[in-house]
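[1] I'd like to go over a predicted model; first the sequence, then the structure.
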Amino acid sequence: MHMAYKPALGTTEIADMVGISQQAASKRLSRLEEERLIESDKIGNARAWWLTDNGRRYLDSSENEPSSQ
């Protein structure tokens, strides 16, 4: 069986990267998961998060929008 590699980050890693608390990151990540832009899975005592195909398309389309400056 072939398993696709899904680059994933933990909640604490994401919180540190964006400069918010782990609790705030967890709440926002849960909302993004409800919107099906990301997925998660429990790995040991931690939760890992990764982009879905919908999340990648969303990021690609938002990068192509003209900036409003």
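    Good, I have the coordinates. Numbers count the residues shown, from 1 in each chain.
[2] confidence score at the closest residue to residue 7 other than its chain neighbours?
    Excluding the flanking residues, the one nearest residue 7 by Cβ to Cβ, 6 or more residues apart in numbering is residue 50, at 6.1 Å. (C-beta placed from N, C-alpha, C; glycine too.) Looking at residue 50, its pLDDT stands at 95.
[3] helix or strand right after the strand or helix carrying residue 50?
    Assigned by DSSP states H and E, residue 50 falls within strand 46-51. Using DSSP H and E, the helix or strand that follows strand 46-51 in sequence is helix 53-63.
[4] dump the least confident helix or strand in the chain by mean pLDDT to CSV, restricted to CA.
    Within the chain, judged by mean pLDDT, DSSP states H and E, the helix or strand with the poorest mean is helix 53-63; its value is a mean of 89. The C-alpha coordinates for helix 53-63 follow below in CSV (Å, rounded to 0.1, in the frame of the first residue of the first chain):
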residue,chain,number,x,y,z
ASP,A,53,-6.4,20.0,-1.4
ASN,A,54,-9.0,22.6,-0.7
GLY,A,55,-6.6,24.5,1.5
ARG,A,56,-3.9,24.4,-1.2
ARG,A,57,-6.4,25.7,-3.8
TYR,A,58,-7.5,28.5,-1.4
LEU,A,59,-3.9,29.5,-0.8
ASP,A,60,-3.1,29.4,-4.5
SER,A,61,-6.1,31.6,-5.3
SER,A,62,-5.4,34.1,-2.5
GLU,A,63,-1.8,34.5,-3.7
